[in-house]
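1. I'd like to go over a predicted model; first the sequence, then the structure.
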Amino acid sequence: DSGSGDDEVSVSLITKNSTNPFFVTMQQGAKESAKAEGVKLTIAAGKEDGDEQTQVQAIEDAIARGDKGILITTNGPGVNPAIKKAREAGLYVIALDTPPDPPDTVDITFATDNFRAGELIGKWTAAQLAGKPATIAMLDLFNDKIVSVDYNRDQGFLTGMGIPTGDKMKNGDEAKSGKYSGGTYQIVCNEPTTGAEDGGRTAMERCLAKNPAINVVYTINEPAAVGAHKALEAAGVKNPLVVSIDGGCDGVQQVKDGVIGATSQQYPIKMAQLGVKAIKQLATGGKKPSVTSGKDFFDTGVALVTDKAATGVESIDTTKGTELCWGKS
Amino acid sequence: MSPEPVLSARGLVKTFGRVIGLDGVDLDLYPGEVLAVIGDNGAGKSTLIKCLTGALTPDAGEIRIDGDEVHFRGPLDARAAGIETVYQTLAVAPALDIASNLFLGRERRRPGVLGSVFRMLDKKGMRDEAATALSDLGIGTLQNMAQPVETLSGGQRQAVSVARAAAFGSKVLVLDEPTAALGVRESGQVLRMIEEVRSRGLPTILISHNMPHVFEVADRIHIQRLGRRAGVITPQSHTMAEAVAIMTGAVTLEDRVAAVDDEDRTGHER
Amino acid sequence: MSPEPVLSARGLVKTFGRVIGLDGVDLDLYPGEVLAVIGDNGAGKSTLIKCLTGALTPDAGEIRIDGDEVHFRGPLDARAAGIETVYQTLAVAPALDIASNLFLGRERRRPGVLGSVFRMLDKKGMRDEAATALSDLGIGTLQNMAQPVETLSGGQRQAVSVARAAAFGSKVLVLDEPTAALGVRESGQVLRMIEEVRSRGLPTILISHNMPHVFEVADRIHIQRLGRRAGVITPQSHTMAEAVAIMTGAVTLEDRVAAVDDEDRTGHER
Amino acid sequence: MTATIQTAAEQFALRRRSPLQRVQHLLHGYPAISPLLVLIIAFAVFSALNPRFAQPASLSLLLQQVAVIGALAVGQTLIILTAGIDLSVGAVTILAMMVGAKLAENNGIPGVLAVLVAIGLGVVAGLVNGTLVTRIALPPFIVTLGTLSVFTAIGLLYTSGQSVQADKLPGLLNWTGETFGAGRWRISWGVVIVLLLYVGVGFALANTAWGRHVYAVGDDKEAAHLAGIRVNRVLISVYVVAGAIYGLTAWILIGRAGAASPNAIVDANLESITAVVIGGTSLFGGRGALLGTLLGALIVGAFRSGLSLAGVDDQWRVLAVGLLVITAVAIDQWIRRVKA
Amino acid sequence: MTATIQTAAEQFALRRRSPLQRVQHLLHGYPAISPLLVLIIAFAVFSALNPRFAQPASLSLLLQQVAVIGALAVGQTLIILTAGIDLSVGAVTILAMMVGAKLAENNGIPGVLAVLVAIGLGVVAGLVNGTLVTRIALPPFIVTLGTLSVFTAIGLLYTSGQSVQADKLPGLLNWTGETFGAGRWRISWGVVIVLLLYVGVGFALANTAWGRHVYAVGDDKEAAHLAGIRVNRVLISVYVVAGAIYGLTAWILIGRAGAASPNAIVDANLESITAVVIGGTSLFGGRGALLGTLLGALIVGAFRSGLSLAGVDDQWRVLAVGLLVITAVAIDQWIRRVKA
Ligand SMILES: Nc1ncnc2c1ncn2[C@@H]1O[C@H](COP(=O)(O)OP(=O)(O)OP(=O)(O)O)[C@@H](O)[C@H]1O
Ligand SMILES: Nc1ncnc2c1ncn2[C@@H]1O[C@H](COP(=O)(O)OP(=O)(O)OP(=O)(O)O)[C@@H](O)[C@H]1O
Ligand SMILES: [Mg+2]
Ligand SMILES: [Mg+2]
């Protein structure tokens, strides 16, 4: 029995990093719901995407601290053994946002499927193009690191476009040109952005230097899309399709403003709230949460936000998107 | 016969961890005189002048300039008080060139707006003056004034340091073994320079291991031994051999009472 | 009268960018002699001995040891050939203590397994020997043998460097201004050491600006001027004043033909 | 030595020169030429691989891409010249940018004020670093490692990780990203500011007493102290000036990124230090020149862009940049090591 | 000076000592005590905040958490002592680990061989770094910056970023993560190896000629050269030994992480350098001791985990660690600066 010193239920939230707005939002959501539920929450995070060691230490600290449960967005399979240790020590571990590999590493996952999020914007793009040739820029996250969001979103997008991908865990190994579901495509570049505006801009500039006729821009997240938009604007490229993932409140606004054509919206606040509630319930004798039927995780959902709905792709408009952005409810 | 000393120190103590550098040293420097400080290696000569010139802060003791107690917080304070020093370690910036080193901390600016608004250095002027200062010291082998100091020969480097002090000394000149690395001609030139400075009325403290040099220019000789002052003599009162004997502890000053004919001036031998 | 030279150099040239260090210098060192090298600051004395001891690679010219041409790739090669050098810059590691510096590159190991298997240093042994070596040089003021060299006085530091060379020289001893920072007693000790080395049959190259020292111990005197050899004299053939005059270019050796009485020995004056 | 006599050294100087040695010798006379040469070679190679590389449009972009790191590297050069190192460059810049931008967004302060706030914060941060380095005599590595964490945390706590979008900011803050044409070039105002920064600081380093003192302090702190230089004052001034430059860079960064975002310039430390070191400034202080830093920043930028344009794959590019950095500095060393 | 006479200096030594100065003076005699003291203070404070902190279970965990960076810091200390710096620590470790693990997974090589492959790769990497530093005389910063990219890229290209889970690895590779009990402590074999590493390398540095030469080379390379030390050989040996240590650390890392993952350690560069610098080793070379590095690593680890156990949130923790690092080194400096 851990944490017997006080009756207060304590929970750890361990995010991938604490600079990405997505995770900062998740942390705030968790804080608010912890306050509401009367749970003591400790927040930890990796130093950057992919930082497994810091997460492992945070898990060990949670065990030592006597927490009842852990909410974690894992940075990679390197944290699995630590999660196992935590569960053996009686902690309830919930993965948020990213299902670990294998999924049964944790008790349950509250996540959106990044691959699916990518697929949605891919499908939307294909529909918008309506058979026109696609000249695609892929603005990824890193080139000196391989992390799951990066390849899941990238490969999801390509799959949605109907472009056959090679290794699903590897960016950039697909054929550089060929046919997508509507017509022919050409992939101009895979450039790293570090998921920020300045990186997005530089990446887009490099892609445009290679081929100024780009008409489809995939971006790993909305800040990268903002930077890419800047570069496109400066280069005078008219009306390319810029698609992105996250659906943050800023991001939805950018869809409304036409900076981004469509974005896949995810719900970090919802994930955090559900997680905190679940552990509180469990600790006070309630029952365990269960997975969404047909999936091996609890799907907190993903929605395509766009004001230019495409036939065959379910979407919500920006008004609705603003209401829901990041799962504030 | 007993004017006010320009610089005087009483009971200076300086220790480094368990090593004792100075062990209660007194010193007086009178106007217009050349005071030599001699002593074995490690006797505390450099430590003494470092304390006098603000490079070290003594643990105890007091220093007076023109009778007023001073507390130097650094060499700059001493310099502001008119004390110009050549340290044994030379204190040159190896990567800077000769002119920059000579004018370090006292750079000259261009005339006009370039100097006052843009604060631009008068590089050419400083280079020319540096060349003059060095050739005044008899250093004629310098082929290129833009050479960084680190590429100079040992003696040339020392000459740069001495030339700096000679050019700027305004009240007291302190020279810690200024001729150690210098050639015969260059050493002679430094001794001439010291005499010339004395003739201008400026007093000099000269540390040297070269007894002929010391006896040639010194008015009085402070003998340092094992961190203390073993005594003060003059070239007239003692011979070189006697000075060396006192320095090495073979005899003490008390052994030869008759010799200390300026006892009344320096006041307080032990 | 003309044995094979132990060390000989012909036509050494060394330039630094546009600065000329050596300009075609010859040098011969015969068994058991003390060869002094004198010259103004910047005349190329240090550059000369750096070329001879592998610290610099000459641009042109050849060096022979016992008649065989050698190409030193570094000071270690020269050391392996038995040439032990005190450089003007002392070449000590400031943060290491005295004993470590004395035995640098030739550390002594403990006897037994500790030494052979664990390669453990004989620290105490080295410290004791260092203390002996230094007191042999008359340095008695060292209070703490574990002091890092950087905290030593200028002269103490030089003594460490000289003691190192004295302890290990096996064929040729090269000393670049070994007494520059030393006190009277300590300098005398170094001169005694040089004489003692000569009596063991080892030749020495001594660079010094101190003419009395040079004339006291040297057998022959190589005069360096503006990167060239101005001539070779002996203390018997010339007076100090003459030596200085040649050194400074006031007279050339040819002006006093009669004086070069060992011309036949050194062979080829210009 | 004298013009009339043909000395051995002169004879030596005349013979024994292969064409390669002649080039080496020529370059040695002008130290700044050597990184420039590396840059020129890089340009030649990359435009051979892809002719677009050398076009004014691409080069204009290259300048804009390099501007931010180039500006930070000016401050970093100053600090490295004093034998220090600044690990807090990125953190200071982000903090200055976020506070300025948030104040403009939430409190509606005008653009000028926001820029001044950013520069002011940079100055304060520099003062903190400088004071710790001088008064408590801590190694700059430790000080800036500590303040890196402190400033980063303050920035995140202040902003909650949220970025501020360009449209919520006064126009002046975005102005640095705007471009003007000059022939077929498109230069942003940010680039102009950075170039002015190089000219100004370069002038101060080379032609003022302060510049000399910076070199002297970095060269041998103890000697500078004995020579009567106010070492601490020089050090503090360097950290403060560097801080002000970081604050100014914050402004340039907003214009470039189109938003003020706490995620920007992740690798600012390593990249700015790299530019300085490739530019030939010694990490041990006292040796180097600002022009080298500019060239260093351009070299790295040119490599990245050039490899990308040449169509080199992502991860191979990481490998190639590594090899190129080593090669570039090796060429530079070779030129410096010229004999005779 | 003499025992009989009461000299002025002795009088001085006797008077003028506040209790604080007495403590300072006492500590000054034993330099290693000062980071130790910082560590002890940290322990006292953190166990006051959360009593669990000082329990053997938590402390055992702390040791395991610190082990990997602690091991890498041994190699980093060696290189920094020679006035170098190694930015490729992390990249070499990951490369060695991934190649060893993949060979074991795909080609089924036995555990011993996998460990030897890892160490061998470390040695090769060290040889590459060392050769570039000595033969081409490049600054270590540049060399290792370049090889950082090169080794990272090779690792990524070789593994495609895929990790290898423990169950696919021979038992020996996981052995370093296994723990044994000692009272209420649980020590992992990895921790034991790291401690042995400290003892071994510490002995070599303090008690062998090689150790002396490492210090001498870092202290003044030119002087060491003139004194007849084979500077290049010493430098290469240091890079090779460091590389071997990184290879060995790869093994410890597998056990610790329970998997061989290319993302296992980020920030290894900065963290290992931090441990070295907090431990009192000078970045300018020639001064420092290995024991300090161990304490430095423990100090950072204790701060991190102490704050975490105290329930401090991530961003506040970043801030606190920054402040603490500065404070810790400031205390250390204060003790070193004792007068008289
Ligand atoms: N920073 C220091 N730390 C420890 N000991 C020191 C320090 N500076 C000087 N000492 C010691 O103080 C004593 C006096 O040194 P000082 O340099 O004053 O001697 P000196 O008389 O100038 O000798 P020299 O003629 O050799 O220059 C020496 O024993 C020296 O080792
Ligand atoms: N590394 C270098 N770079 C450039 N010039 C150099 C270098 N080393 C020496 N020189 C120059 O070569 C000349 C000879 O120097 P060297 O040190 O041999 O003189 P020296 O005779 O030993 O003088 P001193 O008596 O002052 O020690 C000097 O003009 C010096 O400036
Ligand atoms: Mg002295
Ligand atoms: Mg010399």
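-> Yes, it's here. Ligands and ions are numbered 1, 2, ... in the order given.

2. what residues are up against the single nearest residue of the stretch 151-300 of chain D relative to chain A?
-> Going by CB to the nearest CB, chain A is nearest to D:G161 of the stretch 151-300 of chain D, at 3.0 Å. The way it works is simple: take the backbone N, C-alpha and C, and place the C-beta from them, glycine included. Counting by CB atoms under 8 Å, 6 or more residues apart in numbering or on different chains, D:G161 makes contact with A:S18, A:T19, A:N20, A:P21, A:F23, A:V24, A:T25, D:P262.

3. Just confirm it is within a helix.
-> No: checked against DSSP: H, G, I helix; E, B strand; the rest coil, D:G161 lies outside a helix; its state is coil.

4. rewinding a little: quick one: which of the contacts of D:G161 is nearest to B:L175?
-> Set against B:L175, the nearest of the contacts of D:G161 by CB to CB is D:P262 (58.6 Å).

5. And that closest one, how far from D:P139?
-> From D:P262 across to D:P139, the span is 28 Å (CB to CB, to the nearest Å).

6. related to what we said a few turns ago, and the pLDDT at the residue of the stretch 151-300 of chain D closest to chain A?
-> Note for D:G161: predicted pLDDT of 80.

7. got it, and D:A8?
-> pLDDT, D:A8: 65.

8. and what of B:A259?
-> 42.

9. and the stretch 151-270 of chain B, which residues reach chain C?
-> Within the stretch 151-270 of chain B, the positions adjacent to chain C are B:151-156, B:159, B:177, B:180-187, B:209-212, B:226, B:244, B:247-248 by CB under 8 Å from any CB of the partner chain.

10. for whichever residue of the stretch 1-150 of chain B sits closest to ligand 3, helix, strand, or coil?
-> Residue of the stretch 1-150 of chain B nearest ligand 3, by CB to the ion: B:S46 (3.0 Å). When classified by three-state DSSP, B:S46 comes out as helix.

11. And A:F110, by the same measure?
-> From three-state DSSP, the assignment for A:F110 is strand.

12. From A:D104, how far off is it?
-> A:F110 is 15 Å from A:D104, by CB to CB.

13. of these two, who's got more company?
-> Comparing A:F110 with A:D104 by other CB atoms under 10 Å in any protein chain shown, the one with more neighbours is A:F110, at 26 against 10.

14. Of all the residues in stretch A:83-98, which ones are buried?
-> By 16 or more other CB atoms under 10 Å in any protein chain shown, the buried positions in stretch A:83-98 come out as A:I83, A:K84, A:A86, A:R87, A:L91, A:Y92, A:V93, A:I94, A:A95, A:L96, A:D97, A:T98.

15. coming back round to it: columns neighbour count, distance to chain C and pLDDT on top of the contacts of D:G161, output as JSON lines?
-> Shown next, in JSON lines, are these (neighbours: other CB atoms under 10 Å in any protein chain shown; distance: CB to the nearest CB, whole Å; pLDDT from 0 to 100):
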{"residue": "A:S18", "neighbour count": "25", "distance to chain C": "42", "pLDDT": "85"}
{"residue": "A:T19", "neighbour count": "27", "distance to chain C": "41", "pLDDT": "83"}
{"residue": "A:N20", "neighbour count": "25", "distance to chain C": "46", "pLDDT": "85"}
{"residue": "A:P21", "neighbour count": "26", "distance to chain C": "49", "pLDDT": "85"}
{"residue": "A:F23", "neighbour count": "25", "distance to chain C": "47", "pLDDT": "90"}
{"residue": "A:V24", "neighbour count": "22", "distance to chain C": "47", "pLDDT": "88"}
{"residue": "A:T25", "neighbour count": "25", "distance to chain C": "52", "pLDDT": "89"}
{"residue": "D:P262", "neighbour count": "25", "distance to chain C": "43", "pLDDT": "89"}
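
16. Now, the residues you listed that are in helices?
-> Of those, the ones assigned to helices by DSSP state H are A:P21, A:F23, A:V24, A:T25.

17. now the residues you listed as JSON lines including distance to E:M97?
-> Shown next, in JSON lines, are the ones in helices among the contacts of D:G161 (distance: CB to CB, whole Å):
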{"residue": "A:P21", "distance to E:M97": "33"}
{"residue": "A:F23", "distance to E:M97": "27"}
{"residue": "A:V24", "distance to E:M97": "32"}
{"residue": "A:T25", "distance to E:M97": "34"}
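
18. Identify the residue nearest D:D220 in space, chain neighbours excluded?
-> With sequence-adjacent residues excluded and distances taken as CB to CB, 6 or more residues apart in numbering or on different chains, D:D220 is closest to B:A93, at 5.5 Å.

19. Which element, helix or strand, includes the residue in chain B that chain E sits nearest to?
-> In chain B, the residue that lies nearest chain E is B:G24 (2.8 Å; CB to the nearest CB). Following DSSP states H and E, one finds B:G24 within strand B:19-29.

20. again, but for B:V251
-> B:V251 belongs to no helix or strand, assigned by DSSP H and E.

21. Show the contacting residues for it.
-> Contacts of B:V251 were listed using CB under 8 Å, 6+ apart, and they are B:E242, B:A245.
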